[in-house]
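In: attaching a predicted model along with its sequence, questions to come.
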Amino acid sequence: MKFCSECASPVTLQIPVDDTRERFVCTACGTIHYQNPKMVVGSIPVWEEDGATKVLLCKRAIEPRLGFWTLPAGFMENKETTAQAAQRETEEEAGANIQLHELFSILNVPHVHQVHLFYRATLLDLNYAAGVESLEVGIFSEEQIPWDDIAFPTISHTLKFFFADLAKVKDGGRFQMHEHDIFKPMRDG
């Protein structure tokens, strides 16, 4: 950041009084510009048929990770709840009609200043279609998932948590809330 969004004067990086972190502070009006993590919110849309559980994935049509598979997710917008963001992103990226369930996973990714949240969801029908940010959309059983072509570690972790819980649910257990921290940058490519 170089200039104040309030008065357009230059900013400097300093620790404000009664604070413990460096912040951008305006040299003219004194406005402190806080920078906080961005929220990435999505869903785990599931289709059940003949005892088989499949998850809807989207192949990315945009960078980063163009051509890799992801759950439908994206940045939360102002004036929406996390549930609304998950619903919107699923509709935008996959054209999917879902019933949203409980929050399933929270993944902290501090090195890119993000927190990723995923809700469990049920596909209401198979009328899905790739949105402008997706090359294609499909449903996959655990064995069919292109594990080597998953876009982000947050997606891999969420899918692994989901299928582990699903095995427990089939034995009388239940889905749990998962929290995970990812500190290392993802692989190149």
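Out: Now that the structure is in, tell me what you want to look at.
In: quick one, what contacts the nearest residue to T31 once chain neighbours are set aside?
Out: Among residues not flanking T31 along the chain, E6 sits closest, at 4.7 Å (Cβ to Cβ, 6 or more residues apart in numbering). No exception for glycine: its C-beta is placed from N, CA and C like everyone else's. Counting by Cβ atoms under 8 Å, 6 or more residues apart in numbering, E6 makes contact with C26, C29, T31.
In: can I have the buried ones of these as a PyMOL selection?
Out: A single PyMOL command selects the buried members of the contacts of E6 (16 or more other Cβ atoms under 10 Å):
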select buried, resi 26
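In: burial measure for V41, as a count.
Out: 27 (other Cβ atoms under 10 Å).
In: return the distance of it relative to K2.
Out: 30 Å (Cβ to Cβ, to the nearest Å).
In: per-residue confidence for L107?
Out: pLDDT for L107: 98.
In: confirm that it sits in a helix.
Out: No: under DSSP: H, G, I helix; E, B strand; the rest coil, L107 sits outside any helix and is assigned strand.
In: OK, contacts around it?
Out: By Cβ under 8 Å, 6+ apart, the contact set of L107 is V115, H116, L117, F118, T154, H157, T158, E179, H180, D181, I182.
In: please repeat the previous calculation with a cut-off of 7 Å.
Out: Residues near L107 by Cβ atoms under 7 Å, 6 or more residues apart in numbering: H116, T154, H157, T158, H180, I182.
In: most remote residue from the middle of the protein, which is it?
Out: Distance from the C-alpha centroid of the chain peaks at A28, with 37.6 Å (Cα atoms, centre = their mean).
In: list phi and psi for F104.
Out: phi -110, psi -40 (degrees, to the nearest 10).
In: can you tell me, leaving aside adjacent residues, what's nearest to it?
Out: Using Cβ to Cβ, 6+ apart, the nearest residue to F104 is R120, at 4.7 Å.
In: cool, S9 as well?
Out: A28 (3.5 Å).
In: which residues are in contact with the lengthiest helix in the chain?
Out: For the chain, the helix with the greatest residue count under DSSP state H is helix 153-170. Helix 153-170 is contacted from outside by 44, 53, 55, 70-71, 104-105, 107, 109, 116, 118, 142, 145, 150, 175-176, 178, 180, 182, 186, using Cβ under 7 Å, 6+ apart.
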